[in-house]
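**Student:** Predicted model follows, preceded by the sequence.
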Amino acid sequence: MKECDVRKRAFSMPLTNPAYPPGPYRLRQREYLIIAYRTDEGRLRKVVPEPLQVEEPVVKYEFIRMPDSMGFGDYTESGQVIPVSFEGRRGSYTHCMFLNDEGPIAGGRELWGFPKKLANPSLRAVVDTLVGTLDYGPVRVATGTMGYKHASADLAAVKASLEAPNFLLKIIPHVDGTPRICELVEYRLQDVELKGAWVGPAALDLHAHALAPVAELPVLEVMSATHLVADLTLAPQSFVVSHGWHMQ
């Protein structure tokens with residue numbers, strides 16, 4: 001294979017059989033359970049990189065079902081998102097994500113820097129309760145519950161939150177393991193079509209785990225919970241580098 005052939009084919013790893021296809025990626029019937037909770041401010045500030053700013057000690061724990069994701073298939077995701085501000089604009093910083101499908105793990109990490117790891121999350125309705133769980137191996141790490149569709153949410157406010165800026169820390173190492181590139185990546189979800197959104201009573205239980213340390217941002221008080229269903233697009237052109245660190 002000549003160098004020009006490599007350049008034509010190179011998109012992701014492996015070269016001859018990429019783990020995921022090129023975007024954009026349309027995600028249909030994406031279902032969220034988002035539980036906002038108050039946490040320890042000192043611990044929160046230790047995990048949010050500058051120049052992002054923490055304005056209040058709040059974390060959003062998410063369980064997300066993605067049954068129809070272009071290029072990625074049918075999978076589920078769970079993790080923590082932190083409300084932040086950057087240059088006066090409010091948005092969210094993705095702290096950790098756990099999911100059960102290699103394609104979006106590889107694509108999310110390689111392309112944009114989503115902090116994704118392999119685990120086993122789930123989200124389902126059980127009688128009158130929406131139940132989200134996260135298992136890392138045989139260990140239950142997180143359980144979130146919410147009363148099923150108790151009341152309609154403010155659709156305009158929910159849609160605005162989906163369209164707000166999101167931030168990622170993308171790290172690309174040298175072959176010797178030292179950091180080669182560190183970038184603050186900013187993106188927005190595109191073509192958001194909100195199908196419905198609801199609120200209700202909720203509870204969240206996090207457990208300590210060495211490799212899935214979601215409990216290091218402890219739940220001090222559950223503030224709110226939102227259940228929503230939407231179609232949306234992740235488009236490569238919507239991702240930009242907002243800040244970079246020069247690495248020696």
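**Tutor:** Received, thanks.
**Student:** going forward, measure contacts and count neighbours with C-alpha atoms only.
**Tutor:** Will do.
**Student:** which residues of this protein score low on pLDDT?
**Tutor:** For the chain, applying pLDDT under 70 flags the ranges 246-248.
**Student:** can you map out the helices along it?
**Tutor:** Ranges of helices in the chain, per DSSP state H, are 3-9, 41-47, 102-107, 155-162.
**Student:** can you tell which of these is closest to residue 131?
**Tutor:** Judged by CA to CA, the one of the helices of the chain that comes nearest to residue 131 is helix 155-162, at 20.4 Å.
**Student:** Now the closest one: buried residues?
**Tutor:** Across helix 155-162, burial judged by 16 or more other CA atoms under 10 Å covers 158, 159, 162.
**Student:** Tabulate these (a markdown table), appending distance to residue 125.
**Tutor:** Listed next are these as a markdown table, based on distance: CA to CA, whole Å:
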| residue | distance to residue 125 |
| --- | --- |
| 158 | 21 |
| 159 | 23 |
| 162 | 22 |
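**Student:** Tell me the bridge partners for residue 93.
**Tutor:** Assessed by DSSP bridges, residue 93 has beta-bridge partners residue 82, residue 167.
**Student:** my guess is it contacts residue 170, does it?
**Tutor:** No - the criterion here is CA atoms under 8 Å, and residue 93 misses it with residue 170 at 11.8 Å.
**Student:** Which of those two has more residues huddled nearby?
**Tutor:** residue 93 (25 against 21; other CA atoms under 10 Å).
**Student:** distance of that one from residue 69?
**Tutor:** Distance of residue 93 to residue 69, given as CA to CA, to the nearest Å: 22 Å.
**Student:** For the closest residue to residue 107 other than its chain neighbours, list the residues it contacts.
**Tutor:** Spatial nearest neighbour of residue 107, chain neighbours left out: residue 20 (6.2 Å); criterion: CA to CA, 6 or more residues apart in numbering. Applying CA atoms under 8 Å, 6 or more residues apart in numbering, one finds that residue 20 lies in contact with 12, 71, 72, 103, 104, 106, 107.
**Student:** Please identify which of the residues you listed is nearest to residue 225.
**Tutor:** Using CA to CA, the contacts of residue 20 come closest to residue 225 at residue 104, 25.7 Å.
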